[in-house]
Structure formats: C-alpha cells, structure tokens
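>>> The following comprises the amino acid sequence and a computationally predicted model.
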Amino acid sequence: MSMRLEIISIGDEILMGQTINTNASWMGMRLVEIGIKPCWISTIGDDAKDLNTALIQAEERADVILITGGLGPTHDDITKSVTADYFHSDMEIDKNVLVHIKERFRRRGISMAKVNESQAEVPQKARVMNNDRGTAPGFVFEKNEKYFYIMPGVPHEMKSMMNRIVLPELTKRLKGLVTRIRMLATTGIPESTLYEELGDISRIEKFAKMAFLPNLKGVHIRLTAQAESENTAFANLDRAESKLREHIDEFIYADQDIEIEEALAHWLRERKKSVAVAESCTGGLLMDRLTNVPGSSHFFERGVCSYSNGSKMELLGVSESDIEAHGAVSEPVAFQMAKGIRELAHADYGLSTTGIAGPSGGTDEKPVGLVFIGLSDEKGTIVKKFTFGEDRKGNKIRSTQAALDLLRRRLLRMI
C-alpha cells in the first residue's frame, strides 16, 4: 500500500537555529530504507496553539504521523498535554514507567527531582512505548486508522524507539513491493565528472534508481531497488553496482555509508600496517579522523602537528634552506615532512599536509586553498598538489580527505 507519512519536530531551539534538526533527517533515511518516503516534514515551536493546528493538518493529509520533542519534565515541554487534549484523553500515572524512572536515577546515583515524576503520567487512550535510553516514555494514538507516534526529542532515545518499535510496526503495515537501499561512497572526483563518467545511466536505473549526494568529502551514490521480494531487490542492487563499477570503481571506497577512515582502518589492520602523520595546515584534523575509528591503536602510530617552520625543522628534519627557497607550502617541504614522520615513528606509511587554509595568506603564486600532501613508504615518497576553495574549514576537511584517499590508493596498489 502507499503510506503517506509526516514528521513533526517540536522545539523553539530548532526554529531559532540553536539545534540542527538531525532527528528528521535520520528518520527520513531510515523510513526510505523500508520503502516509505516521507511526504512532509514540519517544525513547530513550543506553542500549544501551533501544535494543535499542526495535528489537525497532519491528520487530514497523512496516514502516519511521527512526532519528536517536548516530552521533558519542564514547563516548555507541552507535547504530551497538547496531544492528550487533542485526543480527548485523561492522564494517569503508569506505575511501570514510574518504577523505570526511579531505577534510572538510582543506577546513576542521582537524587530524582519531584518534577520527574510527571514523566510517568501518560494519556489513558494511548499505548505506551517504553524508553530504554531515558526517562520520558513515548506513546501511540490511533484514530480512524491513522497512527500518531510521539517520541522524545533526544536523538539516541528517539532512535532506539524507532528501531525497536516504530519501524517494525510500519514495516508490517506495508504491502506490495520491497524496497532496499545501498550507498556507494566515492571520493576524489566531482559530482559532475562522476555523472559524465557513468555515461548512459539508463543501463543502471534499469535495476535501481540513483541519487547523487555530494558533500565536502566526496559524493555518495544512493541506489534504491524495488522488487516483489527481498532477494530480487538485492540482486538488482548487485547488478546496478556492477554497472557503476565498470566506470568508476577506482573512486569507490565503500559500499556502505561510512567515512573513508573507517574503510582505511580495515585495510590497515588486515595488512598489519601502521601510519604516522605530520600536519601543518590541517592542524590535527587528520589525526582526529584516524583516531575516531575504534581500534585505531592497532594502526595509528603517532602524529605531529608541525605548524611552525621551526617545528618542521626540529621534529621532522625539514631543510631550512628548502623552506627559505620554496616556502613552507611547497612540494619539497611536504616531501620531507612525510619522509621525516615515517622515519621518526618507524611506521609503514607517513602522511603530511602543508597548505594555505585561508581566508588570508594567499598570493597570486600560492592562492588560498593550495595544499601539498605527501605520502612516504618503503618504496619512496610522493607528493600531490591540490587547489581547493577559499573556506578555511572546508579546506581542512578536503585536505584530510585527499590525504586519506592517497593512502587508500597506495594501500590498494592503485599508485
């Protein structure tokens, strides 16, 4: 069946831009994975009248309404009372919920404020959804075969409730085609070039619909296959991916939605290789990305943030004469930084970054966004030159992505 679904996010902090609405985007992605494309996403402030209007509108146009936020114990948390009034439901204390709340405070060794007991009050006409990650329960109203799922706004609490209760229930209500999704993560190629490289995309979309999702680090390609069975849907995804790889295989670093450092971690551990990094313009971001991966101690040896010229010379053995002749942002300096950190750390690979992050400091000869990235191993040392944009943070992100991709290509013997 076709299910019309609306997501309603509640909170002044979202409307005022103080909180990014990651809940709605996460919910949208998870819903598409089970074959439901949300029709509307609404954001409502902490205002009872506005929320009531949103409920009326959602009931008129949607079959399922997912609501997050406003279930806390303070005066501005109005969702529970407004929805209870909307469905003409009295409130009652749920003893099981109250025990759960008290137990959570006891385990944390924190005295429970009296106001938290109000979170055990639930609408009599609603079905309670237990919260295994927090104190505020969720609940479900059903009216005229329309379903209202009300959940906390705290992301990890909402996600648990969605995964355990909401998504399985919605999946059971779906009939007909099965939808399955696969994400191919690419890097090192712009979206427009990627599109051109693929040629006639009808060969691919015969099996699965494609969507291009660009960001600072690369382009994700989302493949969506619909079929009468899960096996057929997955088979169609395999066929579509195979067609894609005929043209852009070298740029694909994963067949799932992960960062490149996660893929690198697998390859480094598998090959029992280590890496050390020397950073200038990226200021430690490369180290941060590599060590964000669980188990990074198995492959990450050390890192040096050699921001000043003195540190480049003192710690990495960069030649003072080369800095004077070519500047700190140059191929010779990147070369010596990569070689120096590999030798200092006795690592299998050394990575280096040196560049002009901006927004100032650029010249006609060396503009903002100019970056040199070095990679050193037992076979030798190479340096790649890049010119990114004018945004400082964007340049740092792109530089680390290019460095990690350079290491990927060396590991997989592409270069």
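Here it is on my side, so go on.
>>> Distance from the chain centre to stretch 267-283, please.
Taking CA atoms, centre = their mean, to the nearest Å, one finds stretch 267-283 lying 22 Å from the centre of the chain it belongs to.
>>> CA-only coordinates of that stretch in PDB, if you can.
Output in PDB follows, covering the C-alpha atoms of stretch 267-283 (Å, rounded to 0.1, in the frame of the first residue of the first chain):
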ATOM      1  CA  TRP A 267      42.700  -2.300   5.200                       C
ATOM      2  CA  LEU A 268      45.500  -1.200   7.500                       C
ATOM      3  CA  ARG A 269      44.600  -3.800  10.200                       C
ATOM      4  CA  GLU A 270      44.100  -6.500   7.500                       C
ATOM      5  CA  ARG A 271      47.600  -5.800   6.200                       C
ATOM      6  CA  LYS A 272      49.200  -5.200   9.600                       C
ATOM      7  CA  LYS A 273      50.400  -1.800   8.500                       C
ATOM      8  CA  SER A 274      51.000   1.300  10.600                       C
ATOM      9  CA  VAL A 275      50.700   5.000   9.700                       C
ATOM     10  CA  ALA A 276      52.000   8.200  11.200                       C
ATOM     11  CA  VAL A 277      51.100  11.800  10.200                       C
ATOM     12  CA  ALA A 278      52.700  15.200  10.100                       C
ATOM     13  CA  GLU A 279      50.200  18.100   9.800                       C
ATOM     14  CA  SER A 280      50.600  21.800   9.200                       C
ATOM     15  CA  CYS A 281      47.500  23.400   7.600                       C
ATOM     16  CA  THR A 282      45.100  20.700   8.800                       C
ATOM     17  CA  GLY A 283      46.100  21.300  12.500                       C
END
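>>> Pull out the buried residues from that stretch.
Under the neighbour-count criterion of 16 or more other CB atoms under 10 Å, stretch 267-283 has 268, 273-283 buried. For every residue, glycine as well, the C-beta is placed using N, CA and C.
>>> Buried residues of stretch 353-368, list them for me.
353-358, 362, 368.
>>> sorry, that was for stretch 100-109
Buried-residue list, stretch 100-109, by 16+ other CB under 10 Å: 100-101, 104.
>>> can I get those residues in CSV with pLDDT, distance to Gly70 and secondary structure?
Output for these, formatted as CSV (pLDDT from 0 to 100; distance: CB to CB, whole Å; DSSP: H, G, I helix; E, B strand; the rest coil):
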residue, pLDDT, distance to Gly70, secondary structure
His100, 83, 20, helix
Ile101, 82, 17, helix
Arg104, 79, 20, helix
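>>> Quick check: closest non-adjacent residue to Thr224.
Lys209 (4.7 Å; CB to CB, 6 or more residues apart in numbering).
>>> what about the one you found, distance to Leu170?
Distance, Lys209 to Leu170, by CB to CB, to the nearest Å: 21 Å.
>>> How about the contacts made by Gln336?
Neighbour list for Gln336: 312, 316-319, 322 [criterion: CB atoms under 8 Å, 6 or more residues apart in numbering].
>>> Could you tell me whether it really is in a helix?
Yes. Applying DSSP: H, G, I helix; E, B strand; the rest coil, one finds Gln336 inside a helix.
>>> Now for the buried residues of stretch 353-368: which two are most distant?
Farthest apart among these by CB to CB are Thr353 and Gly362. That separation is 16.5 Å.
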